[in-house]
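A.B. asks: next comes the sequence, and after it the predicted model I'd like to discuss.
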Amino acid sequence: MAEVIIVPDARDAGELVAEAIADLVAGRPDAVLGLATGSTPLPVYEALRARRSATDLSRMRGFALDEYVGLAPDHPESYRSVISREVVSPLGLDPDRVHVPDGSLSGIEHAGADYEAAIGAAGGVDLQLLGIGTDGHIGFNEPGSSFASLTRVKTLTEQTRRDNARFFDSIDEVPRHCITQGLGTILRARHLVLLAFGAGKAAAVAAAVEGPVTASLPGSAIQLHPHVTVVVDEPAAGRLVHADYYRYTYANKPAWQRL
């Protein structure tokens, strides 16, 4: 069962998860962080930036979850650009240690296998940050994705394209294809941390945490993992049946247990 932590707001969530990452890096300076993009993980990155004077992240390695296919790497909304802008530069990471799937059309046939090999060569991901879409997708694993899937090219649903259109001038500019870590890839990470904020994510969070495990709701795959932490604000927790129990268990968590 996932540990569910309900916090007042996204800032508190960012501080909590940043502390866990700092603890991880303190014990293993070259730890591998799985990097999510979009607005959800920004509070974590902001909290880590505030810790730069106390936490040396320069040896930390990173692997992004996904990338658009056919979008130029220097496009401001390519995930390579986003990761560089929001993570690498602000946190003082070594760009050579941070990897993003190759979404260029040249070589796309083997880009997934190449990325899987790179993750394996790094020893796997220690802590994987995740968001969740309104339709329950994690990474770009849309409903119907296999729980055994590895990094591959996927076709984005119209719902996901509409959700991401806010980052572009119009929905027509949002690519129709992506390359994403598969659910099987994500489940190999040693610790999954899923974040969600706002009432718009409440149904997806409840289904992922408390609903049946089904490919129709990719986020439910987290129920198959032995070490999952779900951090949500009050609105995102609004449809959790066992919310009071989650609050009780976290309030009475032994001091020696970390995130």
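C.D. replies: Yep, it's here. Numbering: from 1, shown residues only.
A.B. asks: what ranges does the stretch 1-150 of the chain have for its strands?
C.D. replies: Under the criterion DSSP state E, counting those that start in this stretch, the stretch 1-150 of the chain contains strands at 3-7, 32-35, 61-64, 66-68, 98-99, 127-130.
A.B. asks: now render the ones you listed as a markdown table, adding mean pLDDT and distance to Ser81.
C.D. replies: For glycine as for every other residue, the C-beta is placed from the backbone atoms N, C-alpha and C. Compiled in a markdown table, the strands of the stretch 1-150 of the chain are given as follows (pLDDT from 0 to 100; distance: least, C-beta to C-beta, whole Å):
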| stretch | mean pLDDT | distance to Ser81 |
| --- | --- | --- |
| strand 3-7 | 98 | 30 |
| strand 32-35 | 98 | 13 |
| strand 61-64 | 98 | 11 |
| strand 66-68 | 96 | 10 |
| strand 98-99 | 98 | 12 |
| strand 127-130 | 98 | 18 |
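A.B. asks: could I get those strands as a markdown table with mean neighbour count?
C.D. replies: Output for the strands of the stretch 1-150 of the chain, formatted as a markdown table (neighbours: other C-beta atoms under 10 Å):
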| stretch | mean neighbour count |
| --- | --- |
| strand 3-7 | 20 |
| strand 32-35 | 25 |
| strand 61-64 | 22 |
| strand 66-68 | 24 |
| strand 98-99 | 20 |
| strand 127-130 | 24 |
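A.B. asks: what's the closest of those to Phe167?
C.D. replies: strand 66-68 (10.5 Å; C-beta to C-beta).
A.B. asks: who are the contact partners of the residue nearest to Ala237 when sequence neighbours are not counted?
C.D. replies: Excluding its sequence neighbours, the residue lying closest to Ala237 (C-beta to C-beta, 6 or more residues apart in numbering) is Ile6, at 4.6 Å. When contacts are counted by C-beta atoms under 8 Å, 6 or more residues apart in numbering, Ile6 touches Val232, Asp233, Glu234, Ala237, Leu240, Ala243, Tyr246, Arg247, Tyr250.
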